[in-house]
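Student: Dropping a prediction and its sequence here:
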Amino acid sequence: MHRAIAMVETSTVTSGMLAADLILKTAAVAVLEAKVVCPGKYIILFTGELSAVKASHDAACRAYAPHIVDSFLLGNPHEKIFDAMLGAVPVDEMKALGIVETYSAASAVRAADTAAKTALVELIELRLAVGMCGKSYLLFTGSVAAAEAAVERVKQELKESAMLLDCAVIANPDKDLAKSIF
């Protein structure tokens, strides 16, 4: 059984550390990652049973609402998200390349979950707001139809939050481009 995950992304380091402390004190959750990201934002990624994660997520979002850039709660996250965050996904054959770029780390994780659950695509990399002025991106591969379906669904998913910066599908990426990704 997958454990729930959530992320709270704040506009300041101070509010992020305060939120992390509140998250841990609110319910029995474990912080997977809490760190400063560009440009001086703070992300807290945490896991646990769904009810505990929801309680901690909601408490932090209420307490630090003016400083929340973005957040998410996934009750049943796709198992490949974590490998993609580590950039540890070997791909035997690059098919079509899906690219999704977002304004926040939280929206990139939501995009990865949506893409992986929408179509038969392999998540390659999920880069979270480091060295990108706070933006994040997701790379995945699959058939052209699968990659296009995943991108379209991500567009729908992120439309309301206005956190989608850009997205595209390269139907047949040049082999040198594919090599540069790995």
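Tutor: Now that the structure is in, tell me what you want to look at.

Student: For the protein, which segments are assigned as strands?
Tutor: Counting by DSSP state E, the segments of the chain that form strands are 4-10, 30-37, 41-48, 68-74, 96-102, 121-128, 136-142, 164-170.

Student: Helix or strand with the lowest mean pLDDT in this structure?
Tutor: Comparing every helix and strand of the chain by mean pLDDT, DSSP states H and E singles out helix 175-181 as the least confident one, with a mean of 80.

Student: Summarise which helices and strands the lengthiest helix in the chain is packed against.
Tutor: Counting by DSSP state H, the longest helix found in the chain is helix 144-159. Packed against helix 144-159, as judged by 3 or more CB pairs under 8 Å, 6 or more residues apart in numbering; DSSP states H and E, are the following elements: strand 96-102, helix 105-118, strand 121-128, strand 136-142, strand 164-170. (C-beta placed from N, C-alpha, C; glycine too.)

Student: Tabulate these (JSON lines), appending mean neighbour count.
Tutor: Formatted as JSON lines, those follow (neighbours: other CB atoms under 10 Å):
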{"stretch": "strand 96-102", "mean neighbour count": "23"}
{"stretch": "helix 105-118", "mean neighbour count": "26"}
{"stretch": "strand 121-128", "mean neighbour count": "23"}
{"stretch": "strand 136-142", "mean neighbour count": "25"}
{"stretch": "strand 164-170", "mean neighbour count": "16"}
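
Student: lowest-confidence stretch among these?
Tutor: Here the lowest mean pLDDT among the helices and strands packed on helix 144-159 goes to strand 121-128, at a mean of 90.

Student: Just want the angle from that strand to strand 96-102.
Tutor: Computed by axes from the mean of the first three to the mean of the last three CA atoms, to 10 degrees, the angle separating strand 121-128 from strand 96-102 equals 30 degrees.

Student: just checking, what packs against strand 121-128?
Tutor: Using 3+ CB pairs under 8 Å, 6+ apart, the elements in contact with strand 121-128 are helix 81-86, helix 105-118, strand 136-142, helix 144-159.

Student: Give the buried residues for the first one.
Tutor: For helix 81-86, burial by neighbour count (16 or more other CB atoms under 10 Å) applies to I81, F82, D83, A84, M85.

Student: Contact partners for the residue nearest the centre of the chain?
Tutor: A centroid search over the chain (CA atoms, centre = their mean) returns V109, at 1.3 Å, as the residue closest to the centre. V109 makes contact with I5, M7, L45, F72, L74, I81, M85, L126, L128 under the criterion CB atoms under 8 Å, 6 or more residues apart in numbering.
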